[in-house]
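[1] Structure, please.
(one chain, ligands or ions: 2)
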Amino acid sequence: MDSARPHERPTAFDRMLTPVHRWIWSDADRRVQKLLRFSETETDGGRDILRAAEVTPDPLLRRLYLEHAIDEFRHGVLFRHRAAELLKVSASCSSPGFHGDWLAPGGHGLDDLQVDGESDRNMLAFLHLSEKAAASRFTVYRDVMQHDPPTRAIFAEILHDETFHMNYTLMQLARVEPERHRRHLWWARLSRIWKAYLRLATGLAGILGSTLLTIQYFVLLPPFAWLAKRAARKERSGWTLVSPGHNDSLDRQY
Ligand SMILES: [Fe+2]
Ligand SMILES: [Fe+2]
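    Ligands and ions are numbered 1, 2, ... in the order given. Okay, here's the model as predicted:
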């Protein structure tokens, strides 16, 4: 069973993207923006898991969800404090440039979580895969962060928790659904693949949209601007006399 693995190694896909992650995290402003976004993701995830603790009928899961939610809130605080420290030494506070969020998302994908109306088995399957993805990505982020030891230490600390979350969710899934837990994992996996596709498609659509609008701006707009200027040059300046035929009635709208 997967739970026998105490630690997670990065997936082949995350390992393949290591140079991209290294580039994304190399810029100080981009790092601040990403840490702030990670902080939001962790805090939102913690809030959803807290809601899961409220609605579950299982006392053991309620306790585990509560501890899990506290961990996620703590991760959010760690990321935010680190972003604040980096901001103090960085001159600018915002960078509108490329952040590669669809290439280096905030670990969990917990933002996709729908708690209300979800059974514990679906919840656990979703959480297990989300935590597994987080552990994989945070391993890579930690490894590419050699140039920033404090941020690296935060990723290492959070990675420890994410590995625990990954393992406990799988063990609990096997407890509440001993016969069919693999099937639930596959359904959750397919759902994540679909959402990952949508995220990627949204990112690509953003790039394509910006490219097409830029081309339109520089290729299609100049002829219209030229025609408008030429038409404006033909217009007589100042007041112009109106012919009597157009000036005979003021008692109707047109
Ligand atoms: Fe977390
Ligand atoms: Fe987690």
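
[2] Can you get me a residue count around the residue of the stretch 101-250 of the chain found nearest ligand 2?
    Taking Cβ to the ion, ligand 2 has its nearest neighbour within the stretch 101-250 of the chain at His165, 3.9 Å off. Glycine gets a C-beta too; all of them are placed from N, C-alpha and C. By the measure other Cβ atoms under 10 Å, the count of residues near His165 is 23.

[3] Could you do Ala228 as well?
    10.

[4] And for Asp29?
    Residues near Asp29, counting by other Cβ under 10 Å, number 18.

[5] Helix or strand for it, just tell me which one.
    Assigned by DSSP states H and E, Asp29 falls within helix 28-55.

[6] tell me what the next helix or strand after that helix is packed against?
    The helix or strand immediately downstream of helix 28-55 is helix 59-89, counting by DSSP H and E. In terms of contacts (3 or more Cβ pairs under 8 Å, 6 or more residues apart in numbering; DSSP states H and E), helix 59-89 is packed against helix 28-55, helix 120-143, helix 149-176.

[7] Might one say that Arg152 is in contact with Thr139?
    No: checked against Cβ atoms under 8 Å, the pair Arg152 and Thr139 is beyond contact range at 11.5 Å.

[8] So between those two, which is more surrounded?
    Higher neighbour count among Arg152 and Thr139: Thr139, with 22 against 17, using other Cβ under 10 Å.

[9] Would you confirm that Lys34 contacts Trp25?
    Yes: Lys34 is in contact with Trp25 according to Cβ under 8 Å; the separation is 7.2 Å.
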